[in-house]
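> return atomic coordinates for the entry below.
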Amino acid sequence: MTQIEKAKELINTFATGDAEKAASLLAEGYIQHNLAYGTGRDAFVESVQYLASAEVKTKVNNIRAYEDGDKVFLQTVYNFAGAGEQVAFDIFRFDSEGKIAEHWDNLAAKAEPNPSGRTQIDNVAPVKDIEKTEKNRRLIKDFLYDVMQGNHSEKTPDYFDGDTYIQHNTGIADGLSGLGAALSALAEQNIQMIYTRVHQVLAQGNYVLAVSEGTFGGVPTSYYDLWRVENGKIAEHWDVMETIADKESWKNVNGKF
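Below you'll find the predicted structure:
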C-alpha cells in the first residue's frame, strides 16, 4: 500500500473496529499529538476497540488526501459513535519501515454553509502542478509571514488575483473583500485573530497545508489552513481552528504541535 492508502486504512479502523489492522499499521512508539488521547500504539488500538463497542457505529468519510515526503495530510469528516459530524485535518508521519509513527490533527464541528454558500469540504479537485510544489510552499510561507503574522500586511493584495478568492471558512465570504469585512466585524467586537508561530508547511503540487499556533480572542488556538494555489496566486482556502486545551486536561505530554 502507498502511504496515503495506509493513512486511509488507519482512520477507517474507527468505523470498522478492526483493532488488528490498526496495530499492524502503527509503529510501537506511535506519538500522539491529539491531546484528548494517550500516546503509543496500544492507546490508539484501545480507542478503536472502544468505538467498536459503542451502540452507534462511527462513520468516516475521507474528503481529500495529499502526500509530502514522509507525511500524509488528510481532510476527513468523522462522526464518532453518533456524537455529531466533525471536520478534521489529520497529519501522519511514516517511519523508515513504512509504519505510521506520529499524528497531529485539528477538529471542528461541521457547520452550515458560509455567507457565500460554500461548505468546509466542497470543491474537491485533483492535485496538479507537482513541479511547482516547492514554489507554492515558499509562497505560503511568505504569505504567513507577511500577512497572517502581520509583518507586511500592505503586501496582502500581491498574494491574490484581485478579488477572485474562494473561501470555505464557515464565517467568511469569498474574496479579499469578504475577508476584510469579516476581520472588521471581529475588530468591532475587540476580537483579534493572531498567528504567532508556524509549525509545519506541507505541500503537494498546488495544495499547501500550514499548521500554525496563535490566539483567537485571546484564547490559545491551533490553526490548520489549506490553500490551493493557481498561477502563483492564492486561489482557495479551507481551514479548521481549534482551541488548545488547558494543559491539566492533556492525556499525553507530547503537546499539540
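
> flag every buried residue along the helix or strand hosting Trp238.
Using DSSP states H and E, Trp238 sits in strand 233-243. For strand 233-243, the buried set under the neighbour-count rule, 16 or more other C-beta atoms under 10 Å, comprises Ile234, Ala235, Glu236, His237, Trp238, Asp239, Val240, Met241, Glu242. All C-beta atoms are positioned from the backbone trio N, CA, C, and that covers glycine.

> next one: stretch 131-138
By 16+ other C-beta under 10 Å, the buried positions in stretch 131-138 come out as Lys132, Thr133, Asn136, Arg137.

> I'd like the average pLDDT over that stretch.
What stretch 131-138 shows for mean pLDDT is 98.

> same question for stretch 112-124.
On average, stretch 112-124 scores 97.

> so Val229 bridges to which residues?
When assigned by DSSP bridges, Val229 has beta-bridge partners Ile234.

> tell me the contacts of it?
Asp129, Lys132, Asn136, Leu139, Ile140, Asn206, Tyr207, Val208, Ala235 (C-beta atoms under 8 Å, 6 or more residues apart in numbering).

> as CSV, those residues with distance to Val56 would be great.
Listed next are those as CSV, based on distance: C-beta to C-beta, whole Å:
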residue, distance to Val56
Asp129, 42
Lys132, 44
Asn136, 40
Leu139, 43
Ile140, 39
Asn206, 38
Tyr207, 33
Val208, 36
Ala235, 39
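
> what is the nearest of the residues you listed to Leu25?
Tyr207 (23.9 Å; C-beta to C-beta).

> so which residue is dead centre in this structure?
Phe89 (3.0 Å; C-alpha atoms, centre = their mean).

> fine by me, thanks again.
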